[in-house]
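Asker: have a look at this prediction, sequence included:
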Amino acid sequence: MSSAWAKVISHDALRAKRKAIVRHNGKQIVLFDTPDGVFACNNRCPHEGYPLREGSLDDRCILTCNWHNWKFDLKDGANLYGGDRLRVYPVELRDGDVWLDLTDEPFKSRHDKIMKNLREAFNDHSYDRIAREIARLRLAGADPIEAVTAALQWSHDRFEFGWSHAYAGAAEWLTLFDERTGDHETQLVCLMEVVGHIAEDTLRHETFPFSLDARKYDEDAFVRAVDDEDEATAISLLRGALDAGMEFTKLERGFARAALAHYADFGHCLIYVTKAAKLTERLGQSVAWPVLAPLVRSLVYSRREEQIPEFRSYGSALKAWGKSTVTDVPDAVQFRGLNAKQALELAAQHGAADPVTLYATLLTASANNMLAYDLNYQQHTDRSFRDNVGWLDLTHAITFANAVRLTCAKFPELWPQGLLQMACFSGRNAPYTDASLDSARWQVGDIEAFIDGAIETLFEHGQAEYIVSVHFLKTFLASREEIRSGAVGEAAQPLAAALNRLINSPLKRKHTRRTAHQAMTFVALDG
């Protein structure tokens, strides 16, 4: 680019003032006359914008912003404490005048610096700086979505046990990003929540490398490897698939089969598979490896909950499914109060019914459970671990239902597993409800408008923990998607009412007394 040198002040005038402000294209630049020469930098501190003209300059040309003690080397703009660099400008003295080179950096140089700075902010989980660097990406003319792609690349091998909600939330925040075209501030909210959450979940984690082997992909072999908890083989099959150019659309059935092979990990496995489909579709093949490799790890390490007593009847219910000849569908009220075994038996008895209609009934049952959640379980301090049930446990039944419908619409042969696992959720949450609660007070009129309004609150959610805001995000979008699908039947009203109650109810996250009581009880019993 051609230089854009400009005469800004006489050297004598600057020498008399020691420092001076000049303005160029809406930007304030501060000049300092020092024994080492004249230096120029942006007047606004890159931290929070306070004026550096009011800063302190030492004899080493180190400029301190007195508001927060950030320190910058005026010779190159380096931040001595880490964090945002300060932009400095080349200076020349010509015939007694001070000239500045106000040329904008070439795009590549500017872009590379922003991405380097974003990586530093990511590694420190510096939320405000992450926001600023993504904003700079857009200002430089780059696609700000690059920040998400980069975060996936930087983090994918730092999850010891695979995916976290950060990746699942990324898929949903990108949905909202795309819906807010032209609203750059709201889009920035979406991106900084994605990058910030991933950064926090991998903060200072070491890397956990994946196997480097690759073998020809075979779906049955992949499912077996996951079932055998053989990460190395499952990863080598994934590598072989990606090396052959296979997209996730060709792999999704294998992942879905593996996810539904067990009532696994509180539904996370299938939920994550559906979010991986959204991420790879939105961001393209370049993210296939960083998205799918940790997802394989999640599937391998997932808890197989149908093996614990509460859900052990899942296997027999699945076998009974194919023997059912009952084509009618039970009412959701029939699932009220049923434990997991009873809910599984009832669902299996109606295995010959239309799966979409049965799905709507089971979704209604989970919505009713959420609507009737007994808040006393948030406050208990003297019960066992199994009763540590909060709002987020109830929301999982909704997001899992959404994942079941999306998956089984593509692969109908998986309906039995999906529906029976929805029955597990119904039975799991039923004991923590209070049938005497007045649900009528939470009913909403215009359901679509209500959910759209709920989603709007996400952009100013005010939650200190990403895990809370991302559960709200996933639950709201899953509910909207289900209602708009037209498949929910009578579930729409209780689903909206349950969301209304969730939004307007206390959500307790830290349980100091409970934790102390349970720790002492456990230690006293087992040492």
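Answerer: That came through, no problem. Numbering: from 1, shown residues only.
Asker: now do the strands in the stretch 401-527 of the chain.
Answerer: Counting by DSSP state E, counting those that start in this stretch, the stretch 401-527 of the chain forms no strands at all.
Asker: pLDDT weak spots in it?
Answerer: Applying pLDDT under 70 to the stretch 401-527 of the chain flags residues 527.
Asker: what are the ranges of the helices in it?
Answerer: 415-429, 447-456, 466-485, 492-503, 512-526 (DSSP state H, counting those that start in this stretch).
Asker: just tell me which of these ends up closest to Leu394.
Answerer: Closest to Leu394 of those is helix 415-429 (CB to CB; 5.8 Å). (Each C-beta comes from the backbone N, C-alpha and C, glycine too.)
Asker: who are the packing partners of that closest one?
Answerer: Using 3 or more CB pairs under 8 Å, 6 or more residues apart in numbering; DSSP states H and E as the contact criterion, the elements in contact with helix 415-429 are helix 248-260, helix 314-321, helix 340-349, helix 355-371, helix 391-410.
Asker: show residues contacting the third one.
Answerer: Think helix 340-349. Helix 340-349 has contacts (CB atoms under 8 Å, 6 or more residues apart in numbering) with 310-311, 313-314, 317-318, 320-321, 324, 326, 330, 334-335, 338, 358, 362, 365, 419-420, 422-424, 426-428, 430.
Asker: mark which of those are buried, thanks.
Answerer: When these are checked for burial by 16 or more other CB atoms under 10 Å, the buried set is 310-311, 313-314, 317-318, 320-321, 330, 335, 338, 358, 362, 365, 419-420, 422-424, 426-428, 430.
Asker: could you chop the chain up by domain?
Answerer: With domains defined by automatic domain parsing, the chain comprises 5-101, 107-201, 219-303, 307-512.
Asker: would CSV of the ones you listed with distance to Asp213 be doable?
Answerer: Below are these laid out as CSV (distance: least, CB to CB, whole Å):
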stretch, distance to Asp213
domain 5-101, 39
domain 107-201, 16
domain 219-303, 4
domain 307-512, 28
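Asker: can you name the next helix or strand after the longest strand seen in the chain?
Answerer: If you go by DSSP state E, the chain has its longest strand at strand 27-34. Downstream of strand 27-34, the first helix or strand assigned by DSSP states H and E is strand 37-42.
Asker: roughly how far out does that next one sit from the chain middle?
Answerer: Distance of strand 37-42 from the chain centroid (CA atoms, centre = their mean, to the nearest Å) equals 42 Å.
Asker: what packs against that strand?
Answerer: Counting contacts by 3+ CB pairs under 8 Å, 6+ apart, strand 37-42 packs against strand 27-34, strand 88-89, strand 91-94.
Asker: if I've got this straight, Glu229 is in a helix?
Answerer: No. Assigned with DSSP: H, G, I helix; E, B strand; the rest coil, Glu229 falls outside any helix and is coil.
Asker: picking that back up, just the helices of the stretch 401-527 of the chain: most buried one?
Answerer: Highest mean neighbour count among the helices of the stretch 401-527 of the chain (mean count of other CB atoms under 10 Å): helix 415-429, with a mean of 26.
Asker: against which helices or strands is the longest strand of the chain packed?
Answerer: Helices and strands touching strand 27-34, by 3+ CB pairs under 8 Å, 6+ apart, are strand 5-10, helix 11-17, strand 19-24, strand 37-42.
Asker: what lies in contact with stretch 128-137?
Answerer: So stretch 128-137 is contacted by 46, 83-84, 111, 114-115, 117-118, 120-122, 143-144, 146-147, 188, 191-192, 195-196, 199 (CB under 8 Å, 6+ apart).
Asker: mind checking which of those land in strands?
Answerer: Per DSSP E, the subset of the contacts of stretch 128-137 in strands is empty.
Asker: so what pLDDT did Ser324 get?
Answerer: Ser324 is assigned 85 on the pLDDT scale.
Asker: in a helix, that's where it is, yeah?
Answerer: No. Secondary structure assignment (three-state DSSP) places Ser324 in coil, not in a helix.
Asker: so where is this protein shaky, pLDDT-wise?
Answerer: If you take pLDDT under 70 as the line, the chain has these spans: 1-3, 527.
Asker: if we use 90, what do you get?
Answerer: Scanning the chain for pLDDT under 90 picks out 1-4, 24-27, 47-48, 81-84, 103-105, 322-326, 489-490, 525-527.
Asker: list the residues that contact Gly162.
Answerer: Gly162 sits next to Pro294, Leu295, Val296, Arg297, Ser298, Leu299, Val300, Tyr301 when contact means CB under 8 Å, 6+ apart.
Asker: who touches the closest residue to Val287 other than its chain neighbours in this structure?
Answerer: Distances taken as CB to CB, 6 or more residues apart in numbering put Leu152 closest to Val287, at 5.3 Å, once the chain neighbours are dropped. Contact analysis of Leu152 by CB under 8 Å, 6+ apart lists Tyr167, Ala170, Ile198, Leu279, Leu283, Val287, Pro290, Val291.
Asker: ok, and which of the helices and strands packed on helix 415-429 has the densest surroundings?
Answerer: helix 355-371 (a mean of 25).
Asker: can you name the next helix or strand after that helix?
Answerer: Later in the chain than helix 355-371, the nearest helix or strand by DSSP H and E is helix 376-379.
Asker: list the buried residues of that following helix.
Answerer: If you call a residue buried by 16+ other CB under 10 Å, then helix 376-379 has these buried ones: Tyr377, Gln378.
Asker: now swap in stretch 195-211 and tell me
Answerer: Val195, Gly196, His197, Ile198, Ala199, Glu200, Asp201, Thr202, Phe210.
Asker: same thing with stretch 122-129?
Answerer: Phe122, His125, Ser126, Tyr127, Arg129.
Asker: pretty sure Gly245 sits in a strand.
Answerer: No. Assessed with three-state DSSP, Gly245 is coil; it does not lie in a strand.
Asker: that one: neighbour count?
Answerer: Counted with other CB atoms under 10 Å, residues neighbouring Gly245 total 9.
Asker: show me the contacts for Tyr373.
Answerer: Trp391, Leu394, Asn429, Tyr432, Thr433, Asp434, Arg501.
Asker: pull up the distance across stretch 273-293, start to finish.
Answerer: End-to-end distance of stretch 273-293 (CA to CA, to the nearest Å): 12 Å.
Asker: just stretch 332-343 next, same as before
Answerer: End to end - CA to CA - stretch 332-343 spans 11 Å.
Asker: from the chain's centroid, how far away is it?
Answerer: On CA atoms, centre = their mean, the centre of stretch 332-343 falls 32 Å from the chain's centre.
Asker: equivalent analysis for stretch 114-125, please.
Answerer: Going by CA atoms, centre = their mean, where stretch 114-125 is centred and where its chain is centred differ by 18 Å.
Asker: gap between the residue of the chain positioned farthest from its centre and Thr515?
Answerer: Most distant residue from the mean C-alpha position of the chain: Asp95, 57.6 Å away (CA atoms, centre = their mean). The gap separating Asp95 from Thr515 is 73 Å, by CB to CB, to the nearest Å.
Asker: fine by me, we can end here.
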